[in-house]
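Asks: what's the 3D shape of this:
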Amino acid sequence: MTTPSPAPAPDLDRAVHALERAVACAERGVADRPVVLIEAADIGGLPPLQVRGLLDRVMMGDHADEGLDSLLATGVLDAILPEVKAMVGFGDGEWRHKDVWKHTKQVVTQSVARIEVRYGALFHDIGKVKTRSISPDGEVHFFGHAEVGARMFDKMERRGKLFAHEQALRDEVRFLVLHHLRASQYDGKWTDSAVRRFAREIGPSLDNLLCLSRADITTKRPEKKRRGINMIDSLAERITELAALDAKQPPLPTGLGTELMSAFGIPPSKKLGDIKRALELAVEAGEIEERLESGAYIQFIAERKARFGLE
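Replies: Numbering: from 1, shown residues only. You can find the predicted model right below:
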């Protein structure tokens, strides 16, 4: 019986060569060494922190798209990020939708040079590969690709642990993947309550998300691109203006507590505070507008006594 040959040992120098070539392409726009194909085991033999350090430099480079192409050419992309590699050639005129790999590279390079946004840009469309559908009229759809992409990111991270030592970064990148479509849904017609709700749900990730949304506009039509960016800028301005207004003026009218005690026979108590808080949550959810006359809130509560613990 022939004894199978042992697997070759990982070639760490070859892995470092491939990664450093990608860094040179990303930072200077040109390669400083030839393409050398690697095996998955080569990268697997490097410490994850070393891989991440070099990968970060690729992502943050002025020519990040060139760096990503170098990772593709040497086999690094397939070895450590097969979910990203799967986007290569996905589209390219087929079924009348843009090449997802080309789009992704453009989004990365258009993004602000902030590590959270750059990685969010890299992974934001990985779910498209698994969610493409073609309607009877030939339209291409990617329903739920943000949610699928977030789950794929989780699986990728369990396997490769690229962000294992930085939970905050990992959570932020996943959040951006999951919510990357939210800001682009703004059409200027949202109510103030809807804008407040969006800002509250996005929370401290708001600036990163808006930056990613702007970068995600890759149309070749200048006017369409200008309109898209202006709409996101308009959303950002409304959020800022409403936050400033809310800092000066509370959502419920002054004296509402006294009106509630009179209308429902409630003494000053924790129960009164609970009712006001529940009413504030209803305002935040868009069930009733903010800053109305006290009578509107009293009627709202009277029609929902059980919900407010008044039955």
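
Asks: how about whichever helix or strand I232 is part of: buried residues?
Replies: Secondary structure from DSSP states H and E places I232 in helix 222-248. Neighbour counts over helix 222-248 (16 or more other C-beta atoms under 10 Å) mark 228, 231-232, 235-236, 238-239, 242 as buried. Where C-beta positions appear, they are placed from N, C-alpha and C, glycine not excepted.

Asks: mind listing what the residue nearest to G89 when sequence neighbours are not counted touches?
Replies: Nearest non-adjacent residue to G89, counting by C-beta to C-beta, 6 or more residues apart in numbering: W101, 6.7 Å away. Counting by C-beta atoms under 8 Å, 6 or more residues apart in numbering, W101 makes contact with 87-91.

Asks: show me which of those are buried.
Replies: By 16+ other C-beta under 10 Å, these give 87-88, 90-91 as buried.

Asks: could you measure from the residue nearest to the spatial centre of the chain over to D99?
Replies: Residue closest to the average C-alpha location in the chain (C-alpha atoms, centre = their mean): L176, at 1.5 Å. For L176, the distance to D99 (C-beta to C-beta, to the nearest Å) stands at 22 Å.

Asks: just checking, Q106 touches T218?
Replies: Yes. Q106 is within contact range of T218, at 4.8 Å (criterion: C-beta atoms under 8 Å).

Asks: more neighbours, these two?
Replies: Q106 (18 against 15; other C-beta atoms under 10 Å).

Asks: assumed the more buried one was part of a helix.
Replies: Yes. Counting by DSSP: H, G, I helix; E, B strand; the rest coil, Q106 is located in a helix.

Asks: in its sheet, what does the helix-or-strand element of the chain with minimal mean pLDDT sit against?
Replies: One helix or strand of the chain scores below all others by mean pLDDT, DSSP states H and E: strand 140-141, with a mean of 82. Here strand 140-141 has these sheet partners by DSSP bridges: strand 133-134 (antiparallel).

Asks: I'd like the average pLDDT over the strand it pairs with.
Replies: Strand 133-134 shows a mean pLDDT of 84 in the predicted model.

Asks: also stretch 161-176?
Replies: For stretch 161-176, mean pLDDT is 96.

Asks: so which bits of that stretch are buried?
Replies: 162-163, 170, 172-176.

Asks: can you list contacts of that stretch?
Replies: 48-49, 51-52, 55, 80, 115-117, 119-120, 123-124, 150, 153-154, 156-157, 205, 208-209, 212.

Asks: pull out the buried members of those residues.
Replies: Applying 16+ other C-beta under 10 Å to the contacts of stretch 161-176 flags 48, 51-52, 55, 80, 116-117, 119-120, 123-124, 150, 153, 156, 205, 208-209, 212 as buried.

Asks: and I38, how many neighbours?
Replies: 20.

Asks: what helices or strands is the helix or strand that contains E27 leaning on?
Replies: Using DSSP H and E, E27 falls within helix 12-28. If you count contacts as 3 or more C-beta pairs under 8 Å, 6 or more residues apart in numbering; DSSP states H and E, helix 12-28 packs onto helix 40-44, helix 48-60, helix 64-74, helix 76-80.

Asks: got the angle between that helix and helix 48-60?
Replies: 30 degrees (axes from the mean of the first three to the mean of the last three C-alpha atoms, to 10 degrees).

Asks: so how far is helix 12-28 off the chain centroid?
Replies: Remark: helix 12-28 is offset 28 Å from the chain centroid, using C-alpha atoms, centre = their mean, to the nearest Å.

Asks: quick one: residues in contact with it.
Replies: With contact meaning C-beta under 8 Å, 6+ apart, helix 12-28 is reached by 30-33, 35-36, 38-39, 42-43, 45-46, 50-51, 54-55, 57-64, 66-71, 74-76.

Asks: okay, now the unreliable bits of the stretch 201-311 of the chain?
Replies: Within the stretch 201-311 of the chain, not a single segment meets pLDDT under 70.

Asks: which SSE is the residue nearest to G89 in?
Replies: helix 100-110.

Asks: how about residues contacting whichever helix or strand comes after that helix?
Replies: Using DSSP H and E, the helix or strand that follows helix 100-110 in sequence is helix 115-123. For helix 115-123, contacts defined as C-beta under 8 Å, 6+ apart pick out 56, 59-60, 64, 68, 83-84, 104, 107-108, 110-111, 149, 153, 169, 172-173, 176-177, 180, 208, 211-212, 215-216.

Asks: how close does L292 get to L252?
Replies: Here L292 is placed at a distance of 9 Å from L252 (C-beta to C-beta).

Asks: before we move on, what about L169?
Replies: Counting by C-beta to C-beta, the gap from L169 to L252 is 38 Å.
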